[in-house]
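Enquirer: predicted model, plus sequence, below.
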Amino acid sequence: MRHPSKPFRQCKWSEPLICELSSDGKIGHMVPRPSEEELRAVGDPMGHIPSKLRRDGPPNLPRVSEAEVLRHFVRLSQQNFSVDTTPYPLGSCTMKYNPKFCESLASNAKLRMIHPLQDERLVQGILRILYELSRILCEITGMREASLQPSAGAHGEFAGALMIRKYHMVNGEPRGEMLIPESAHGTNFTSAAMAGFKVVRLPLDDRGCIDVEALKSALSKRTAGIMITNPNTLGIFEKDVVEICKIVHEGGGLCYYDGANLNAILSKCRPGDMGFDIAHLNLHKTFATPHGGGGPGAGPIAVSEKLRDFLPVPLIGFDGERYYLDYGVKHSIGRVRGFYGNIAVLVKAYAYILALGREGLREVSEVAVLNSNYLMRRILERGGYELPYQRSGIRMHEFVLSAKGILDSTGISALDIAKRLLDYGIHAPTIYFPPIVKEALMVEPTETESKMELDRMAEAFQRIFEEAKESPELVRGSPSNAAVSRVDEAKASHPMTMRLSWRSPPAPGAESRSPS
């Protein structure tokens, strides 16, 4: 285990692009040539493809040997941060270690080789898995029915917002405003706007929770609903959530639950019991799929009885004898993606939930909350960092610190602190979110980190605070131990400036340098 006093040193060499390793004559695969008998049996295998669509020759792919392919990607992995190599306390994203048995199950050839257009009679096994998963997710959320289609949380939000819009249209009362508190996930605002709603922001009270009086003032005949993240992005549980849902329902609106923070309340409480009509779950955050890098993801939506007829089609049904795709949803918003869903992610979630069971899921949330509060207290005990909305006391699975005091006294920003954490072998937390906190550092250690790792993270935060006072240039110039030093943020936003000057990996013992 690395100690913070001995900074982490990442592999540093200038890895060429795979195409730059390429040269004619190299080959990394062996494709068996069909026999003459086999060719005669199938005739011209390309005969059904129009001549104008056929390639003149093989695709223009890099020509590299198997060893070069392997070494190239292993070297790249050694220059990377991931949940398998280092702590990844990315707030609001639940970047936790994921058990490898789930990966193994999802890689089973019987699952990988299923075609989405196969006859239902031939895929009863996977339909059963998906049906049972939908039932489990309904139990976890306290809802009546679920669709597994959406590809991610924001996709689930958008589908939910479309359902809210259609619900009011079918009931002859189109409504055009969506209430969203300042403590919600940023995608809530975008999803509501994309669904055609005008977004009405709700302020927070001094506890960091929704201001109930402001909610009452914002509510009107135009209110279609409210979208709430609970626990919110500050890591605070909305204690007035039942009253809030009741107020919105009395005003004729619907209540949407953003389940991105479900890791904090598994088997402890359910959105349906709080009064929500719709909830999405980020299976790639909560249930065993490595999260980040743009995917893969799954954001199923579960709904109460009154919204069952608005879900995307198809649902998965069971008539007592066979499983089938159900398109008979009266007011469905239609498909929200091709085919049914991201099956590999759904299978991993199914396996993870069955392996842990109800009590195991309860322990997940308990340890996640314990780890969060332990790390928070350790970081705060030596000063420097501040905790906004202290009146709320403990936090749930994540917490948000402010480095504004450090910035004011040393000139070191939250960005600088995040970059310096890389030098200690810890991926940076989310920074500058939520925007209601100045110089925000949003930290979620998750339940999979040990006390030893939590202590190491706390020590790294504290040492960086000391460095900010004693050696601010060191912090401002970080990371200095990572594979690539700090990039020019303005240039990095333009793809044409991303081309680096590549050099071959240094010989053993030679000095290594980052790409220029």
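Expert: Now that the structure is in, tell me what you want to look at. Model, not experiment: these values are computed from the prediction.

Enquirer: what about the nearest residue to residue 158 once chain neighbours are set aside, which SS state?
Expert: Distances taken as CB to CB, 6 or more residues apart in numbering place residue 191 nearest to residue 158, at 4.5 Å, with adjacent residues excluded. C-betas here are computed from N, CA, C, even on glycine. Classification of residue 191 by DSSP: H, G, I helix; E, B strand; the rest coil places it in helix.

Enquirer: from residue 448, how far out is residue 191?
Expert: 29 Å (CB to CB, to the nearest Å).

Enquirer: so for those two, which sits in the more crowded spot?
Expert: residue 191 (28 against 19; other CB atoms under 10 Å).

Enquirer: just checking, the more buried one touches residue 163?
Expert: No: Residue 191 lies out of contact with residue 163 (CB atoms under 8 Å); the separation is 11.6 Å.

Enquirer: any weak-confidence spans in this structure?
Expert: Scanning the chain for pLDDT under 70 picks out 1-7, 39, 41-48, 292-295, 492-516.

Enquirer: domain ranges for it?
Expert: Taking automatic domain parsing as the criterion, the chain consists of the domains 109-355, 368-493.

Enquirer: what's the spacing between the shortest one and its chain's center?
Expert: Spelled out, it's domain 368-493. Put simply, domain 368-493 sits 20 Å off its chain's centre (CA atoms, centre = their mean, to the nearest Å).

Enquirer: what does the longest one give?
Expert: When C-alpha coordinates are averaged (CA atoms, centre = their mean), domain 109-355 and its chain have centres 15 Å apart.

Enquirer: now do the helices in the stretch 51-200 of the chain.
Expert: Secondary structure of the stretch 51-200 of the chain by DSSP state H, counting those that start in this stretch: the helices cover 66-77, 100-106, 109-112, 124-141, 153-170, 186-194.

Enquirer: distance to residue 314 for those helices - can I get that in CSV?
Expert: Output for those, formatted as CSV (distance: least, CB to CB, whole Å):
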stretch, distance to residue 314
helix 66-77, 38
helix 100-106, 22
helix 109-112, 19
helix 124-141, 11
helix 153-170, 14
helix 186-194, 23
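
Enquirer: what's the nearest residue to residue 259 once chain neighbours are set aside in contact with, if anything?
Expert: Excluding the flanking residues, the one nearest residue 259 by CB to CB, 6+ apart is residue 281, at 4.3 Å. Neighbouring residues of residue 281 by CB atoms under 8 Å, 6 or more residues apart in numbering: 137, 140-141, 156, 259, 262, 287, 299-300, 302.

Enquirer: please identify the deepest-packed of the helices of the stretch 51-200 of the chain.
Expert: helix 153-170 (a mean of 24; mean count of other CB atoms under 10 Å).

Enquirer: check which helices and strands that one sits against.
Expert: Counting by 3 or more CB pairs under 8 Å, 6 or more residues apart in numbering; DSSP states H and E, the packing neighbours recorded for helix 153-170 are helix 186-194, strand 223-229, strand 254-259, strand 278-281, strand 301-303.

Enquirer: for the closest residue to residue 23 other than its chain neighbours, give its distance to residue 25.
Expert: Leaving out its chain neighbours, the residue that sits closest to residue 23 by CB to CB, 6+ apart is residue 63, at 6.3 Å. Note on residue 63: its distance to residue 25, by CB to CB, is 7 Å.

Enquirer: looking at the two, which one has more neighbours?
Expert: residue 63 (16 against 6).

Enquirer: in this structure that one contacts residue 22, no?
Expert: Yes: with contact defined as CB under 8 Å, residue 63 reaches residue 22; the gap is 4.8 Å.

Enquirer: part of a helix, is residue 298?
Expert: No: assigned with three-state DSSP, residue 298 falls outside any helix and is coil.

Enquirer: test my guess that it contacts residue 341.
Expert: Yes: using CB under 8 Å, residue 298 is in contact with residue 341, at 6.2 Å.

Enquirer: which residues are in contact with both of the two?
Expert: 148, 150-151.

Enquirer: please enumerate the helices of the stretch 251-400 of the chain.
Expert: Counting by DSSP H, counting those that start in this stretch, the helices of the stretch 251-400 of the chain are 271-274, 283-286, 343-380.

Enquirer: among those helices, which is the most enclosed?
Expert: On a mean-neighbour basis (criterion: mean count of other CB under 10 Å), the most buried of the helices of the stretch 251-400 of the chain is helix 283-286, at a mean of 28.

Enquirer: for that one, packing partners?
Expert: Using 3+ CB pairs under 8 Å, 6+ apart: helix 283-286 touches helix 343-380.

Enquirer: got the angle for the helix it packs on vs helix 124-141?
Expert: 30 degrees (axes from the mean of the first three to the mean of the last three CA atoms, to 10 degrees).

Enquirer: of the helices of the stretch 51-200 of the chain, which is nearest residue 456?
Expert: helix 66-77 (22.0 Å; CB to CB).

Enquirer: contacts for the closest one next, please.
Expert: In contact with helix 66-77 (CB under 8 Å, 6+ apart) are residues 11, 13, 15-16, 18, 21, 26, 28-29, 64, 505.

Enquirer: let's see that with 10 Å instead.
Expert: 11, 13, 15-18, 21-23, 26-30, 62, 64-65, 84-85, 483, 505 (CB atoms under 10 Å, 6 or more residues apart in numbering).

Enquirer: select, out of the helices of the stretch 251-400 of the chain, the one closest to residue 94.
Expert: Closest among these, using CB to CB: helix 283-286, at 3.8 Å.

Enquirer: restricting to C-alpha, output the closest one in CSV.
Expert: Extracted in CSV, the C-alpha atoms of helix 283-286 (Å, rounded to 0.1, in the frame of the first residue of the first chain):
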residue,chain,number,x,y,z
LEU,A,283,-27.5,0.1,-13.0
HIS,A,284,-24.0,1.0,-14.1
LYS,A,285,-23.5,3.0,-10.9
THR,A,286,-25.3,0.9,-8.4
